[in-house]
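Peer 1: Starting from these lines, generate the structure:
(one chain, ligands or ions: 1)
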Amino acid sequence: MAETTGEAAHDRPYFYKERLKYTPEEEAKLERQHFWKVIDAFRYYRIHVQEQIKRAERQFQSLPQHHQKLLPGVLPNLARISQCVDHNQEVLQAIVYNCIHMFENMEYGEREDPRKVRPSSTFDMDKLKSTIKQFVRDWSEVGQAERESCYRPLIQEIQRLFPSDKYDVSKVSVLVPGAGLGRLAWEIARLGYICQGNEWSFFMLFSSNFVLNRCDKVNSLTLYPWIHQFSNNKKSSDQTRAISFPDVNPQSLPPNADFSMVAGDFLEVYTESDSWDCVATCFFIDTAHNVLEYVETIWKILKPGGVWVNLGPLLYHFENMANELSIELSYEDIRAAIIKYGFRIEVERESVQTTYTENDRSMLRYVYDCVFFVARKPVHVCANGQEDNQSQNSPPAAKSPRREEADSLT
Ligand SMILES: C[S@@+](CC[C@H](N)C(=O)[O-])C[C@H]1O[C@@H](n2cnc3c(N)ncnc32)[C@H](O)[C@@H]1O
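Peer 2: Next up, the predicted model:
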């Protein structure tokens, strides 16, 4: 599997509008700086969390002695958390070790003193902690139920739209923008479809590179994803429980599988018209500054007759960010715009309940009431963008004899 880089892969390091001012050289420089900033975040993790633990210890020790005596388990639990942090740091080191030359077409140079650990922002530390939790969602047995609720409806729909008894699925191309740690894209490729994941966050790209290209033994690695959560624990031990990963061998794709990951901003990388049979978005469309740009790009890159399958909420990522463009549309407005582009909505469910990197023992749990839809770009589109009613809506892949396929998410 190839890891390539497109134009840019930022974690929004600078303002949306100002980006337009940069020359290609400045862009490349910023890109390099950002690459190393994310690596610094991976290296700084231990220091950051250990500081939090020391603070918790100090707070506890400031309590009156008779209160401390009532709580004999608190300091041992903090000591246990500290061990878990050290362990997480080892995994993060392994991820970083494997990412320096991961891009086929981009070199980021060498650090003058690679051992020096530079402080990172709280923002980057939060991103790193979220990335650790993403391992639960995508590559652990604990994440199985969540994958069933999020990925299963999309995969089932792809199999219904492009069944292997009617299509040569090895010729059906599926793009997964905002692929995270790559499990959805990997599962689609495992079923025989051509599948490409696209992702722009270095946090995610480094981690997916590690799990997809460097891990080949089931449940051989451990992470402690919940140690950063000091509130809403029923038991102290809930905070320090481990997850194992990967729950499947990521190297176990069939030999003829066509699976790739491409780094970069979805809007910048995918500009070629009529290229994909299917675009599958999961918890993605609300990452846009302007979701209509995503709709427009998906419309453009889908082949005539191609389908867009989507599942997710509308938790707009830029909503509370100063100086960032953020257009927060309701689903009703997006739906109307999708139809005006010329899409035909073929399937729609407005209440699909899912979780996202859920801690199933937490006293606070979020449920997303997601929308799920299948929107087709008609085979024949009139100049006004509307469907030519005379046309057939059969997607373009060739027919072939039925091939055996695995039905379940592993
Ligand atoms: C909420 S996460 C969902 C990840 C994955 N689809 C899942 O369901 O677990 C959204 C992902 O989209 C990525 N993303 C955001 N904007 C992007 C863009 N313009 N191009 C590519 N990826 C993007 C983020 O880095 C993040 O990994």
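Peer 1: Point out where the stretch 1-150 of the chain drops to low pLDDT.
Peer 2: Counting by pLDDT under 70, the stretch 1-150 of the chain contains low-confidence residues at 1-21, 104-107, 109-115.
Peer 1: can you give me the strands in it?
Peer 2: Assigned by DSSP state E, counting those that start in this stretch, the strands in the stretch 1-150 of the chain fall at 3-5.
Peer 1: Pull up the residues of it that are close to the ligand.
Peer 2: Arg137, Cys150 (CB under 6 Å from any ligand atom). The way it works is simple: take the backbone N, C-alpha and C, and place the C-beta from them, glycine included.
Peer 1: and the spatially most central residue of the chain, what does it touch?
Peer 2: Centrality entry for the chain: nearest residue to the mean C-alpha point is Gly180, 1.7 Å, by CA atoms, centre = their mean. By CB atoms under 8 Å, 6 or more residues apart in numbering, the contact set of Gly180 is Gln134, Arg137, Asp138, Glu199, Met204, Ser208, Phe283.
Peer 1: For those residues, which entry has the maximal number of neighbours?
Peer 2: In terms of neighbours by other CB atoms under 10 Å, the contacts of Gly180 top out with Ser208 at 30 neighbours.
Peer 1: Quick check: closest non-adjacent residue to that one.
Peer 2: Nearest residue to Ser208, sequence neighbours excluded (CB to CB, 6 or more residues apart in numbering): Gly182, at 4.3 Å.
Peer 1: Off-centre distance for the helix or strand containing Trp308?
Peer 2: Trp308 is located in strand 302-312, with elements delineated by DSSP states H and E. Strand 302-312 sits 19 Å away from the centroid of its parent chain (CA atoms, centre = their mean, to the nearest Å).
Peer 1: Give the other helices and strands that it contacts.
Peer 2: The contact analysis (3 or more CB pairs under 8 Å, 6 or more residues apart in numbering; DSSP states H and E) places strand 302-312 against helix 144-161, strand 276-282, strand 344-354, strand 368-376.
Peer 1: tell me the mean pLDDT for it?
Peer 2: If you average the pLDDT over strand 302-312, you get 98.
Peer 1: Show me how far the helix or strand that comes right after that strand is from its chain's centre.
Peer 2: For strand 302-312, the following helix or strand on the C-terminal side (DSSP H and E) is helix 331-341. Centre-to-centre, helix 331-341 and its host chain are 25 Å apart (CA atoms, centre = their mean).
Peer 1: Who are the packing partners of helix 331-341?
Peer 2: Helices and strands touching helix 331-341, by 3+ CB pairs under 8 Å, 6+ apart, are helix 291-301, strand 344-354, strand 368-376.
Peer 1: picking up where we left off before, inside helices: which ones of the contacts of Gly180?
Peer 2: Gln134, Arg137, Asp138, Met204, Ser208 (DSSP state H).
Peer 1: check contacts around the last one.
Peer 2: What that stands for is Ser208. Ala179, Gly180, Leu181, Gly182, Gly197, Glu199, Met261.
Peer 1: ok, so what distance separates it from the ligand?
Peer 2: Between Ser208 and the ligand the computed distance is 9 Å (CB to the nearest ligand atom, to the nearest Å).
Peer 1: low-scoring stretches of the stretch 251-400 of the chain, by residue?
Peer 2: Ranges of the stretch 251-400 of the chain meeting pLDDT under 70: 382-400.
Peer 1: Show me what from it comes close to the ligand.
Peer 2: Going by CB under 6 Å from any ligand atom, the residues of the stretch 251-400 of the chain near the ligand are Asp265, Phe266, Leu267, Cys282, Phe283, Phe284, Thr287.
Peer 1: repeat that for 8 Å
Peer 2: Neighbours of the ligand within the stretch 251-400 of the chain, by CB under 8 Å from any ligand atom: 264-269, 281-284, 286-288, 312, 317, 356-357.
Peer 1: Restricted to strands, list the residues you listed.
Peer 2: Judged by DSSP state E, the subset of these located in strands is Thr281, Cys282, Gly312.
Peer 1: Name the nearest of those residues relative to the ligand.
Peer 2: Cys282 (4.0 Å; CB to the nearest ligand atom).
Peer 1: Could you give the number of residues near that closest one?
Peer 2: Neighbours of Cys282 (other CB under 10 Å): 24.
Peer 1: Confirm for me that it is in contact with Leu154.
Peer 2: Yes - with contact defined as CB atoms under 8 Å, Cys282 counts as touching Leu154 (6.0 Å).
Peer 1: what about the residue nearest to Glu199 when sequence neighbours are not counted, how many residues close to it?
Peer 2: Using CB to CB, 6+ apart and skipping residues adjacent in sequence, the residue nearest Glu199 is Ala179, 4.8 Å away. The tally of other residues near Ala179 (other CB under 10 Å) stands at 28.
Peer 1: so what's Ala179 up against?
Peer 2: Ala185, Gly197, Asn198, Glu199, Met204, Ser208, Met261.
Peer 1: and the last one, which of the three is it?
Peer 2: When states are read from DSSP: H, G, I helix; E, B strand; the rest coil, the local structure at Met261 comes out as strand.
Peer 1: ok, it to Ser120 distance?
Peer 2: Noted for Met261: a distance of 25 Å to Ser120, by CB to CB, to the nearest Å.
Peer 1: How much space separates the residue nearest to Asp216 when sequence neighbours are not counted from the ligand?
Peer 2: Leaving aside its sequence neighbours, Asp216 sits nearest to Gln251 (CB to CB, 6+ apart; 4.4 Å). For Gln251, the distance to the ligand equals 21 Å [CB to the nearest ligand atom].
Peer 1: I figured Gln251 hits Arg214, correct?
Peer 2: No - with contact defined as CB under 8 Å, Gln251 does not count as touching Arg214 (9.5 Å).
Peer 1: And these two? Which one has more around it.
Peer 2: A direct count of neighbours by other CB under 10 Å for Gln251 and Arg214 places Arg214 higher, at 16 against 13.
Peer 1: which residues touch the residue nearest to Cys150 when sequence neighbours are not counted?
Peer 2: Nearest residue to Cys150 in three dimensions, chain neighbours excluded: Thr354, at 5.0 Å (CB to CB, 6+ apart). Contact analysis of Thr354 by CB under 8 Å, 6+ apart lists Glu146, Ser149, Cys150, Leu311, Val367, Tyr368, Cys370.
Peer 1: for the residue of the chain most remote from its centre, what are its contacts?
Peer 2: Distance to the chain centre peaks in the chain at His66, reaching 47.4 Å (criterion: CA atoms, centre = their mean). Contacts of His66 were listed using CB under 8 Å, 6+ apart, and none were found.
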